[in-house]
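J.: Model the following, please.
(chains A and B)
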Protein chains: 2
Amino acid sequence: MRTQSGTKGARTRASIVREAAELFNTRGYAGTSLSDVLAATGLEKGGLYNHFRGGKVELAEAALTYALSVVRERRRAALATPGPAHLCLIAMVDEMVAERDASRVAGGCPIQNVAVEADDGNPALAPLLRRVRKAMREWQDAIALVVEDGIACGELRADCDPAIVANFLTASLEGALMISKLYRDRAHMQLVAESLREYIRGLRAAA
Amino acid sequence: MRTQSGTKGARTRASIVREAAELFNTRGYAGTSLSDVLAATGLEKGGLYNHFRGGKVELAEAALTYALSVVRERRRAALATPGPAHLCLIAMVDEMVAERDASRVAGGCPIQNVAVEADDGNPALAPLLRRVRKAMREWQDAIALVVEDGIACGELRADCDPAIVANFLTASLEGALMISKLYRDRAHMQLVAESLREYIRGLRAAA
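T.: Numbering: from 1, shown residues only, chains lettered A, B, ... in the order given. Below is the predicted model:
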């Protein structure tokens, strides 16, 4: 195994991954060819295979890992906002609105994109599906942990179910991203965010 | 314009549309070729072009129109359940759980599938996107109308905003469909449905 960290090769590889992430995340796996990646990066075929011997499959995995890490870090940072649990949850909702507006990775949420494309049993997509399942599980677990902490310190209602709250928040936010994407209009995302802030405030224990 | 209703030709056309709807809705527009449709229907290329002179574009439009009509009719019927508004909304939530379980059209909700695929500016997808935007608008309008009626007769809280409720319900349900698809597990859909039933009960005016 060559170590390329800090070398020109590593920088080239990272730049290919970023370009490929935008292409795969926007056009999907089936809709992206290696020629598209070559055109976007300006590389020759040999140069690309030099970094990704496994071709499209290996490149798509590296691109997805990168795209997932971008959204994961931001969402986690929001959940780790210092302060009461309900404000951490609201900060995560705010980050999802910001994620949509800033288009952290072109093409929107990589979890959603792979989940929708990878339901056709195409075996090439199986490794992508595994990564995305893990990413969604980690996101829901991180939310559930915040809810558990909030219950433990008496801030949130004792009858909150952390897994149910995590599932509801992630589903509503992903659906809102989808509808905002459909209309190319942030209003749908903002309205759902406002409904969720109200839902989150309703999780607080009576003072 | 030939009228083929009731003829063998019309039956063949309808059967092509149904097969194509399952393929396009599962594999996406980019992931479905006319050869896939020929293989699924057992037709020759000439036979297919006899019904769809516009080729893949025309067939994809007809297939999407069919897929959207299948889910629309069921969702609308649930919303038209006789009785109070909040029970109509809950019936629609129940239908979405049933839609997921019964896989009314293979591949899941056609609105979601096209919204996620058609964000890459591929001009071939523009007519599909227009149909899907209209379908989502009609679904949200149908929900908003039920909420308006509920407010007008004093059953639902006067401070409900019909458009916000419609946006929140559709986003949460679409996101839940997506997560259930990701894990091939109905549990995520059921948990979101339960959260939404509670949300809907919370829209009722105090007795």
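
J.: my guess is A:Val147 contacts A:Pro84, does it?
T.: No: with contact defined as C-beta atoms under 8 Å, A:Val147 does not reach A:Pro84; the gap is 11.7 Å. Where C-beta positions appear, they are placed from N, C-alpha and C, glycine not excepted.

J.: Which one's more surrounded, the two?
T.: Set side by side, A:Val147 and A:Pro84 show more neighbours around A:Val147, with 26 against 16, by other C-beta atoms under 10 Å in any protein chain shown.

J.: Skipping its backbone neighbours, what lies nearest that one in space?
T.: Spatial nearest neighbour of A:Val147, excluding adjacent residues (C-beta to C-beta, 6 or more residues apart in numbering or on different chains): A:Pro162 at 3.9 Å.

J.: Model confidence score at whichever residue of chain A sits closest to chain B, please.
T.: With C-beta to the nearest C-beta, the shortest gap between chain A and chain B falls at A:Gly175, namely 3.0 Å. Looking at A:Gly175, its pLDDT stands at 98.

J.: Can you tell me, leaving aside adjacent residues, what's nearest to it?
T.: B:Gly175 (3.0 Å).

J.: which residues does that neighbour contact?
T.: B:Gly175 sits next to A:Thr170, A:Ala171, A:Ser172, A:Leu173, A:Glu174, A:Gly175, A:Ala176, A:Met178, B:Val192 when contact means C-beta atoms under 8 Å, 6 or more residues apart in numbering or on different chains.

J.: that's a helix at it, yeah?
T.: Yes: looking at B:Gly175 with DSSP: H, G, I helix; E, B strand; the rest coil, it is inside a helix.

J.: now the residue of chain A closest to chain B: how far from B:Tyr49?
T.: According to C-beta to C-beta, to the nearest Å, A:Gly175 stands 38 Å off from B:Tyr49.

J.: same question, A:Arg13
T.: For A:Arg13, the distance to B:Tyr49 - C-beta to C-beta - is 46 Å.

J.: next one: A:Asn50
T.: 44 Å.

J.: Now do the phi/psi pair for A:Arg204.
T.: phi -70, psi 140 (degrees, to the nearest 10).

J.: Would you enumerate the residues in contact with it?
T.: Shown in contact with A:Arg204 (C-beta under 8 Å, 6+ apart): A:His86, A:Glu155, A:Leu156, A:Arg157.

J.: from memory the second one sits against A:His86, does it?
T.: Translated: A:Glu155. Yes: A:Glu155 lies in contact with A:His86 (C-beta under 8 Å); the separation is 6.9 Å.

J.: Neighbour count for those two, which is higher?
T.: Each of A:Glu155 and A:His86 has its neighbours counted (other C-beta under 10 Å); A:His86 has more, 19 against 16.

J.: correct me, but the more buried one touches A:Leu156?
T.: Yes: counting by C-beta under 8 Å, A:Leu156 is a contact partner of A:His86 at 6.8 Å.

J.: list residues touching both of these two?
T.: Joint contacts of A:His86 and A:Leu156 (C-beta under 8 Å, 6+ apart) are A:Gly150, A:Leu203, A:Arg204.

J.: Redo those as CSV? Include pLDDT.
T.: Shown next, in CSV, are these (pLDDT from 0 to 100):
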residue, pLDDT
A:Gly150, 98
A:Leu203, 96
A:Arg204, 97
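
J.: Pick the one among the contacts of B:Gly175 closest to B:Asn113.
T.: Nearest to B:Asn113 out of the contacts of B:Gly175 is A:Met178 (C-beta to C-beta; 10.1 Å).
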